[in-house]
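>>> Predicted model, plus sequence, below.
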Amino acid sequence: MKSPFTGKEMKQVYDKRTWNFRGEKFEYTHASWLCEDTGEMFTTDESDAVSFLQVTNQYRAKYGLPFVDEIVTLREFYGVSASKMSLILGFGPNQWRLYEGGEVPSVSNGRMIRSIMKAEVFLDMVENSRHLLLQKEYEKLTLRLKSLSEEPSNIHSYELSRLFACGRGQENGFGRISLDRLKNALLYIIDKCDGVFCTKMNKLLFYIDFMSYRQNGMSITGLSYKALDYGPVPERWSRIYSHFDEIVQEPKQSWGKEGITLSSTIKPDIALFSQQELAIMEQVCSHFMDSSSVEISNISHKEAAWLECHAAHERIPYDYAFELKAV
């Protein structure tokens, strides 16, 4: 970013600040640009949005409120319009649409939205709101909800708990807990790198997720990371790579050592990711394209995220995203 006073490139700086949101104080990392000639500080709409998201994500996690993507996905899954969702739940006529646009629900409304993630709970609310719906709408929706209520969900829940070491919150960068998104992030990296060693994949995922948190206020894969001997690695990484049938693991010699390569003939479904997320994955893969597993490990050892958490093999806080050096 160039200074409006001098036209010179400005230095990006980060500092810890406190934001009072709904009567509570939350700490976040504030990004700004410093014009060293004048001492003036500048922000952008994007950096201000990330600051706000850091705060509201903490608020949502603290009170168990749904995130925007969960609110959008829930409505689309049930096949109901935003206005009808507001009617059924007794919200104001445009309230659901505002929540999809980023407004943070009240604690009571947020917990109500989370409760209807169980089809049987939403079915009960639809029954109580029958007089607000057209007969065809009512019949179509109740039929779908009854069929969903009969579907077992324990297998899917088991898979999530097996692969993700922690739930959605500060420790996983507030990323979505999604098997589809995780699988396709792996497929994206494999496709871009024409196959990749597990050690390098671990580091690429780390840089992708932490860079995404720095730029967008949220990780991409929803994984948490630990600082182990060879650098930052996703928790349960060996389970993750063996879980998906589309990903093939093969032993291979490189630099005199044997490692495991990950490959696939399946192309990633990029529609699962936003343009901002795709740009970050592209940037990280391109940046480290020619780096070997050893080289990218050595690079990661220079990051504060590894240096300050390695001694105890600790889980790495996502706040270290603002101290990345390599990207």
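That came in fine, so what should we check first? Numbering: from 1, shown residues only.

>>> other SSEs contacting the host helix or strand of Met281?
Assigned by DSSP states H and E, Met281 belongs to helix 275-287. If you count contacts as 3 or more CB pairs under 8 Å, 6 or more residues apart in numbering; DSSP states H and E, helix 275-287 packs onto helix 179-193, helix 198-216. Quick note: C-beta positions are derived from backbone N, CA and C, even for glycine.

>>> Go ahead and measure how far whatever helix or strand comes next after the last one is from the middle of the chain.
Reading on from helix 198-216 to the C-terminus, the next helix or strand found by DSSP H and E is strand 225-228. Here strand 225-228 shows a centroid-to-chain-centroid distance of 18 Å under the convention CA atoms, centre = their mean, to the nearest Å.

>>> Residues contacting strand 225-228, please?
Strand 225-228 is contacted by residues 206, 209, 232-235, 305-306, 309-310, 313-316 when judged by CB atoms under 8 Å, 6 or more residues apart in numbering.

>>> one step back: could you dump the helices and strands packed on helix 275-287 into a markdown table with mean pLDDT and distance to Val72 added?
Formatted as a markdown table, the helices and strands packed on helix 275-287 follow (pLDDT from 0 to 100; distance: least, CB to CB, whole Å):
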| stretch | mean pLDDT | distance to Val72 |
| --- | --- | --- |
| helix 179-193 | 97 | 14 |
| helix 198-216 | 97 | 16 |
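
>>> Most tightly packed of those?
helix 198-216 (a mean of 24; mean count of other CB atoms under 10 Å).

>>> Check what contacts stretch 66-82 and list those residues.
Identification of contacts with stretch 66-82 by CB under 8 Å, 6+ apart yields 57, 60, 85, 88, 94, 96-97, 99-102, 105, 110, 113-114, 116-117, 122, 140-141, 144-145, 168, 174, 176.

>>> Please flag which of those residues sit within strands.
Using DSSP state E to define strands, no part of the contacts of stretch 66-82 is located there.

>>> what about the closest residue to Phe174 other than its chain neighbours, how many neighbours?
Leaving aside its chain neighbours, Phe174 sits nearest to Asn57 (4.4 Å; criterion: CB to CB, 6 or more residues apart in numbering). By the measure other CB atoms under 10 Å, the count of residues near Asn57 is 23.

>>> next one: Glu235
Glu235: 19 surrounding residues under other CB under 10 Å.

>>> got the contact list for the spatially closest residue to it that is not a sequence neighbour?
Among residues not flanking Glu235 along the chain, Ala165 sits closest, at 3.8 Å (CB to CB, 6+ apart). Counting by CB under 8 Å, 6+ apart, Ala165 touches 172, 223-224, 235-236.
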